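S.K.: Have a look at this fold, sequence not included:
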């Protein structure tokens, strides 16, 4: 049986308007050191290294084209990671601009958020349903659907666990989270003082 050259097939399909979305590969050299120094900068004297940060550093070293889901208990640095540290490191080491949003932005800027190639959202699960011309919908499932279809990189934090995601958005959205992100659970007591 002869080997099929799929690269040639894909290139041929592109000439006919077929769209293939390449994964966005991210690489931060010496990610552990970079992560530690950026956390110390943004958190300051209250900085405490958590074991979960090692998994974040692994993702920064090689994201394998996937996004990042940080979930679990409050006060463990998830917001600082998704809204400050990761965007700063990806800008510095990869030249990527990460557009950051909070849960309340999802309904205000839905159409501009859904199609972004790299985006960060803090506190997924706290947003309310969006109502447009009398139709109700959750924006987050659309974001994850696009992440799967277009290889978008979605970085987000949440206090929801697996069952919480399923209850709020349905099993299909949770499966897309699993398929498109590295999931890291934070289960420590709050470090806020």
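M.R.: Good, I have the coordinates. Given the structure is predicted, the values throughout are model-derived calculations rather than measurements.

S.K.: Can you give me the distance of residue 6 to residue 150?
M.R.: 19 Å (C-beta to C-beta, to the nearest Å). No exception for glycine: its C-beta is placed from N, CA and C like everyone else's.

S.K.: Among these two, which residue is more densely surrounded?
M.R.: residue 150 (17 against 8; other C-beta atoms under 10 Å).

S.K.: Skip the chain neighbours and tell me the closest residue to the more buried one.
M.R.: residue 21 (4.3 Å; C-beta to C-beta, 6 or more residues apart in numbering).

S.K.: which residues touch the one you found?
M.R.: By C-beta atoms under 8 Å, 6 or more residues apart in numbering, the contact set of residue 21 is 149-152.

S.K.: Just give me the residue right at the centre of this structure.
M.R.: Compute the mean C-alpha point of the chain, and by C-alpha atoms, centre = their mean the closest residue is residue 155, 1.5 Å away.

S.K.: after the host helix or strand of that residue, next one along is what?
M.R.: Counting by DSSP states H and E, the element that carries residue 155 is strand 153-158. Per DSSP H and E, the first helix or strand lying C-terminal to strand 153-158 is helix 162-169.

S.K.: now the angle from the next helix or strand after that following helix to helix 162-169?
M.R.: Counting by DSSP H and E, the next helix or strand C-terminal to helix 162-169 is helix 171-180. Calculated by axes from the mean of the first three to the mean of the last three C-alpha atoms, to 10 degrees, helix 171-180 forms an angle of 130 degrees with helix 162-169.
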